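Asks: Dropping the sequence and predicted coords here.
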Amino acid sequence: MTEPTHRTAPGDTSGPGETSGPDGTSGPDAAAGPFLVPSPKKAKAGRFWSGRRIPAALLAAAVLGGAGILLYDIAAVRADRPAMRWRRVTADRLAEWRLEEPWVLAAAAAVALLGLCLLVIAATPGLRALLPMRRDDPAVRAGLTRDAAALVLRDRAMEVPGVQSVRVRMRRRKVSVRARAHFRELDDVRTDLDGAIDAAIAELGLAKPPSPSVRVSRPPARKR
């Protein structure tokens, strides 16, 4: 009986059953070629910013239209033409009103509050229902909606023995879990539920995991 022979190319030092990779490594898995190694650097995972394209377009259109009408009226007055009626009426009303009147102060406060709200909205990211996930790779950015995260936590909680129903409320900083147990001791159910919720939150991969608040109670007794 003849033994099988293994032919090698010049400079090839790999043995039978082994293949050499492009980088010179040998082994049964070297034929798959180079593989991607996760980057050790983690990018900062901030909140997602809302585009707000429709509100910005509406506001820009309103400002542009108002400025265009005002500039047209000013140019008409400069050309020795009468001003528009709405500007004459507004000027007469403003000349009669006093700044110390209560409704004038109330209107000014309302306008100032509206402007402050617009500034806060412009300076905040928005998209509060989208939770940012960890960025293990700087080139990848992912998010998880609150509803999806709450659904995952609810499914994990229902797997705990003794849990009859679960209500999960997901927030950015805190998650509230309210469960009802129809058998087993409440302390045992609470301990197992705490562990299940903590493990589920860790598996979500969120950049800032929320702190859980778990409560377990008995279902209300049925009236006969």
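Replies: Ah, there it is.

Asks: tell me the mean pLDDT over the longest helix along the chain?
Replies: As assigned by DSSP state H, the longest helix anywhere in the chain is helix 53-78. The average pLDDT within helix 53-78 is 89.

Asks: and it, which residues are buried?
Replies: D73 (16 or more other CB atoms under 10 Å). Glycine gets a C-beta too; all of them are placed from N, C-alpha and C.

Asks: contact partners of the helix or strand that that helix is followed by?
Replies: Toward the C-terminal end, the helix or strand that comes next after helix 53-78 (DSSP states H and E) is helix 85-96. By CB atoms under 8 Å, 6 or more residues apart in numbering, the residues outside helix 85-96 that reach it are D73.

Asks: care to break this structure down by domain?
Replies: 53-123, 143-217 (automatic domain parsing).

Asks: okay, the ones you listed, which one's buried deepest?
Replies: Among the domains of the chain, domain 143-217 has the highest mean neighbour count (mean count of other CB atoms under 10 Å), at a mean of 16.

Asks: quick check: mean pLDDT across that domain?
Replies: 93.

Asks: Can you check the distance spanned by that domain, start to finish?
Replies: 33 Å (CA to CA, to the nearest Å).

Asks: now the longest helix of the chain, how far from the chain's geometric center?
Replies: 35 Å (CA atoms, centre = their mean, to the nearest Å).

Asks: And the residue nearest the centre of this protein?
Replies: In the chain, the residue lying closest to the centroid (CA atoms, centre = their mean) is L130, at 2.2 Å.

Asks: which residues sit in contact with that residue?
Replies: 47-48, 143-146.

Asks: who wins for proximity to D136 among the domains of the chain?
Replies: Closest approach to D136 among the domains of the chain (CB to CB): domain 143-217, 8.5 Å.

Asks: List of residues touching the host helix or strand of R215?
Replies: Element membership of R215 [criterion: DSSP H and E] is strand 211-217. The contact list for strand 211-217 (CB under 8 Å, 6+ apart) reads 173-181, 186, 189-190, 193-194, 197-198, 201.

Asks: Just these: which are in strands?
Replies: 174-181 (DSSP state E).

Asks: coming back round to it: report the beta-bridge partner residues of the residue nearest to the centre of the chain.
Replies: Beta-bridge partners for L130, by DSSP bridges, are T145.

Asks: Would you mind measuring from it to R169?
Replies: 17 Å (CB to CB, to the nearest Å).

Asks: before we move on, what about G46?
Replies: 24 Å.

Asks: what's the answer for A76, then?
Replies: 59 Å.
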